[in-house]
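Trainee: Give me the fold of what follows.
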Amino acid sequence: MMPEYIEKAENLSLPVVMLEGTVAFPSVKISFEVVDENSLAAAKAAADTNSFVLLVAAKEIGNTEAAPEDLYKIGTVAKIKQSLKTPDGTLRLIVEGYSRASILQYRQTDDYYVADAICKTVVLKDNGGVKGEALMREAISALEEVVHFLPAVSQDILLAAKGIYNVGLLADFIASNVLIKHDDKQMVLECFDPFTRLETLLMLLEKEAVILRCESDIQRQVRERLNKNQKDFYLREQIKVIQEELGDDADSEEKEYKSRIVKTKMPSEVKEKLLKENEKAAKMPFGSAEANVIRNHIDICLELPWEKKTNDRVDIAKAKKILDADHDGLEKVKERILEFLAVKQLAPDLKNQILCLVGPPGVGKTSIASSIAHAMNRKYVRVSLGGVRDEADIRGHRKTYVASMPGRIMTAMSRAGVNNPLILLDEIDKLTRDAHGDPSSALLEVLDAEQNKSFRDHFIEFPFDLSDCLFIATANSYEGIPRPLLDRMEVIELKIYTKREKLEIAKNHLIPKQMKRHGLTKRSFKITDDALVEIVDFYTREAGVRNLEREIASLCRKAAKALVETEKKSVTVTSKDVEKYLGVRKLLPERISDENEVGAVNGLAYTELGGDMLKIEVAILDGTGKIETTGSLGDVMQESAKIAVSLVRSLAAEYGIPTDFYKTKDIHIHAPQGAVPKDGPSAGVTMTTALVSALTGRPVRRDIAMTGEISLRGNVLAIGGLKEKTMAAYTAGVKKVLIPEANMRDLAEIDPLARENLVFVPCRKISDVLSEALLPTTETKARETLTAEKLPQISNEIHTNSITANLSTKGR
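Mentor: Take a look at the predicted model:
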C-alpha cells in the first residue's frame, strides 16, 4: 500500500544568509558565525523586521565570498532566535529551521541577496505506517553502531533520536548531529520525500559504520603489536635478569658461535679475538644494531679457509694431457705452467708467481685459466675487475659502515673454500680510479709475493695469507696496466689464432660443444672441412674464435630445425650449403691484383684481428713538392712517408729519378680502406718501393708482399707480428715475401702452411727490396731486347776488323 502524503507549498522572497561548512535542517537549531558582508546585512535586516531568512550552504568550504552560482539550489527557511556579537567583531546567530525551500532565482539588493523560492513541506499520513516504523528502527540501529565507534557523538544524541517518532524529523535530526561531511548533509536536505530522506540517511550511516569499523580494526592491530613488542621486551629483560642471578649469561646463540669458533682451524690470535667479540655481542640488548654487525663479522670470518687447502697435482704428464685436451695452441702458457709444476715438485716451498696473459679478445685467456686450475687440481675462482674504481672493492669496507662487506679478494677466497685456489683477475687493464681511491694500488699488495702473506682486508681486520694462491691476470693490452702493477707480473703474450689453429679448435672443441648444447649427435649432424674453411674465410674476421663459435651455433640451430621439420635423419653442411644457412658472404676475399702495377705495392700489417694485406698506392702529379697522405694514417706512418721521400731523394741519381722531383712534383701516398685507422713503422719499405716505382715508371711484381721499417740510410729494420703477416700473405695468394734480415730467426714460429708455400727473401738494404720487387719498364725492355739482338753482329764486326788488322800488320 502506497503511503499518503500531505504537501504544502508557498512562494517566498527571503534574504539569503550563506552557511560555510555546515547545513541547516528544519526543526533543528544550529549556531554559526556569519562569514561574509552580504549575509551580515541580510541577517541584520531580518532581525530588524523579525522575519525569516533563507539559509543556503556554499558548495566549497573556505569560500567566504561566494556568488549565487557557488551556492546549492536547496536551502532552509529559518527563524533567527538570537544574535550575539563576539569580541572580535563577528556575528554569531542561533537559528531554528522551519522548512525546505527550492530556490528559483537570486536578486541583488543594496546590501544583500534576496532569493525567490518555493517553500515546500511534505508530511506522511500516519507516519508512513509499518514501513516508516521499520525504517526508523533501522536508522536507530545504524546510529547506535556509529555512536559505538565514534566517541565524538554523545549518548545524549542517541537518546534524543530514540524519542523522535516522525520519519522526516528523525532523518533531519540524525543528519544534523551525526554526519560529518557537509556534502552528505546537503544530500539529505535535498530529499523532500521523508521516506527517501531516511533511506538516504540510512545508506550514509551504514557507509560511515563500515569505515569506522575498519579504522577500529586497524587501531586494534597496531595496539596489539605494540603490546606484544612491549611484552616480549619485558619478558626478555626478565630472562636476562634471571640468567645473571643464576650466573648463566651465555644463551644458546652465544654457545653455538663459541663452539663454531673453537672448532674452526684458524690462527690463535684470530680465534681469541673472535671469542671476545662473541662474548661482547652476547651482553648487548636484544636487537642491538652493533650486535648484528659483530655476528655478521664473525660469520664471514668463520667462512674463510684459514688453513684448508688442496694438494697440487705434480704429475706433469697428466697435467700436460689435460691442458692439451682443453686447448689447442697456447704453447707458451702451457709450457710455463708445466715449468711451474716441475719446480714445485723439486722445491715445494717456492712461492707462486703471478702470470699476466695479454692478448686480444677471444683467444682463450679466461678459459685457459680454468684449464690450468683443472690441470693443477686447484679450485678456480674468477674476479672480474672491469670497471672497478673504488679501492674498497679490493680491500673491503670498514665493518662499522652500514651494509659493509669484504673486498673481492676475500670474497673469492670464501667462495673457493681453500687457501690455495687459482684466482683469475680478469680484465686487469680495465681498472679505473676516482675520488674514492685507486684500486690498482690496492692490488699491489695482493700481487706482491713478499707482501701478500699478510694481506689485511678492511672488513676482516685480520692478516690473511695469500701466498699460496696462484694469481693469473688477463688483459687486452699493456697500455691499461699501471707500470708498478705490470712490474709485479710475468707477462705471457697470447698471439692471434692462425687459420689452421681456428680450424683445429673448431673441429676439436667448438663443434662438439655446440652439438651437445643443441641436442645433435655425430650421426645427425656433420660439418665438412671445406665448410669450416668457408666460414673462417668469409664469415668471421677476428683474433679469437668467438664469432666462429656463434656461426657454428647458428648452423646447429638451422640443422636442428631441419631435422624436426623434415624428419631427416642427418644433416651434412658442405661449403655449398654455408650460404644457404648463414646468408651471403659477410667478407670479401683479399686477393692480389691480376696485373703488375706502377706505384702500387702489397704491404703487410698486424692488427687486433690478425695479419692483413696493406696496399700502398703512390701518385706523382705536377706541382710544387707537396706530400699528401690519406687513408687514416697515424703519426708513425706519416713519419715513415717523410722518411721514404728523403731516402728516395738520396737514391734519385742511382735509379734515374730527376733530382728535383721533390720541387716539381706533388706526391700523394694513399692506403685504401680509409675508414680503418692504420699506424706503425713496418710500412716504411712498402712506401719507399711504391714511391720509386711511381717516379721511375717501373711496375711492381704483383705476387710479392713486403714488410719492414726503413731508415734514412736505407737499412731495413726488424718488425713484429711476422707470423700473422705471413698468413695474410699466403691467404691473399702471394708467392714471395720480403722481410728484414733480422726477422729470419722468427721463421721457426710461423705457421707451417705459410712456411711451405711462401718464398722468404731476407733484405738488409732498400736496394735488396727494390731489386726483387721492381720490374723493368717497357722502354727498358725494348733497349735490352735490341742490345741482345745486335750484340752478335757487333762482336762479328769487331772480330773481322781485328783479323784484317792483323793481316795488314803481317803484310807490312
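Trainee: For the rest of this, base every contact and every neighbour count on C-alpha atoms.
Mentor: OK.
Trainee: So which residues of the stretch 251-400 of the chain form helices?
Mentor: 252-263, 268-282, 289-303, 316-326, 331-346, 365-376, 392-395 (DSSP state H, counting those that start in this stretch).
Trainee: Report the angle between the second one and helix 252-263.
Mentor: Think helix 268-282. 180 degrees (axes from the mean of the first three to the mean of the last three Cα atoms, to 10 degrees).
Trainee: again, but for the third one
Mentor: When the same axes, to 10 degrees is applied, the directions of helix 289-303 and helix 252-263 differ by 30 degrees.
Trainee: who touches helix 289-303?
Mentor: If you take Cα atoms under 8 Å, 6 or more residues apart in numbering as the criterion, helix 289-303 is touched by 260-261, 264, 274, 277-278, 281-282, 284, 399-400, 414, 417, 459-460.
Trainee: Swap in 7 Å and give it another go.
Mentor: 261, 264, 274, 277, 281, 284, 414, 460 (Cα atoms under 7 Å, 6 or more residues apart in numbering).
Trainee: what residue ranges in the stretch 451-600 of the chain score low on pLDDT?
Mentor: The stretch 451-600 of the chain contains no residues with pLDDT under 70.
Trainee: Please apply the same query to the stretch 251-400 of the chain.
Mentor: 251, 286-287, 314.
Trainee: before we move on, the earlier item: now, among the contacts of helix 289-303, which is nearest to residue 433?
Mentor: residue 460 (23.5 Å; Cα to Cα).
Trainee: ok, now how distant is that closest one from residue 399?
Mentor: Distance of residue 460 to residue 399, given as Cα to Cα, to the nearest Å: 8 Å.
Trainee: okay, these two: which has more neighbours?
Mentor: The residue with more neighbours, out of residue 460 and residue 399, is residue 460; 22 against 18, by other Cα atoms under 10 Å.
Trainee: in which helix or strand would I find the more buried one?
Mentor: Of the helices and strands defined by DSSP states H and E, none includes residue 460.
Trainee: What are the phi and psi values at it?
Mentor: Main-chain torsions, residue 460, degrees, to the nearest 10: phi -70, psi -40.
Trainee: End to end on stretch 119-136, go ahead and measure it.
Mentor: 25 Å.
Trainee: Pick out the residue nearest the middle of this structure.
Mentor: With distances taken as Cα atoms, centre = their mean, the residue of the chain nearest its centroid is residue 387 (10.8 Å).
Trainee: ok so, going back, wait, which of the contacts of helix 289-303 is closest to residue 170?
Mentor: The closest of the contacts of helix 289-303 to residue 170 turns out to be residue 284 (Cα to Cα; 63.7 Å).
Trainee: on that earlier part again, which pair in the contacts of helix 289-303 spans the largest distance?
Mentor: By the measure Cα to Cα, 284 and 414 form the most distant pair in these, at 28.3 Å.
Trainee: Please identify which of those two sits among more neighbours.
Mentor: More crowded of residue 284 and residue 414, by other Cα under 10 Å: residue 414, with 20 against 13.
Trainee: Contact partners for the more buried one?
Mentor: Residue 414 touches 303, 304, 305, counting by Cα under 7 Å, 6+ apart.
Trainee: Compare those and tell me which has the most neighbours.
Mentor: That'd be residue 304 among the contacts of residue 414, by other Cα under 10 Å, with 24 neighbours.
Trainee: Can you tell me the SS state at the residue nearest to it when sequence neighbours are not counted?
Mentor: Leaving out its chain neighbours, the residue that sits closest to residue 304 by Cα to Cα, 6 or more residues apart in numbering is residue 414, at 4.9 Å. Using DSSP: H, G, I helix; E, B strand; the rest coil, the structure places residue 414 in helix.
Trainee: Relative to residue 408, how far out is residue 414?
Mentor: From residue 414 to residue 408 the distance is 10 Å (Cα to Cα).
Trainee: in what helix or strand does residue 615 lie?
Mentor: strand 610-622.
Trainee: what pairs with that strand, and is each one parallel or antiparallel?
Mentor: strand 600-607 (antiparallel), strand 665-670 (antiparallel) (DSSP bridges).
Trainee: quick one: it to chain centroid distance?
Mentor: 42 Å (Cα atoms, centre = their mean, to the nearest Å).
Trainee: And the contacts of the helix or strand just after it?
Mentor: For strand 610-622, the succeeding helix or strand toward the C-terminus, using DSSP H and E, is strand 627-630. Contacts of strand 627-630 with the rest of the structure, by Cα under 7 Å, 6+ apart, involve 638, 666, 667, 668, 669, 670, 671.
Trainee: hmm, try it at 8 Å
Mentor: 638, 641, 666, 667, 668, 669, 670, 671, 674.
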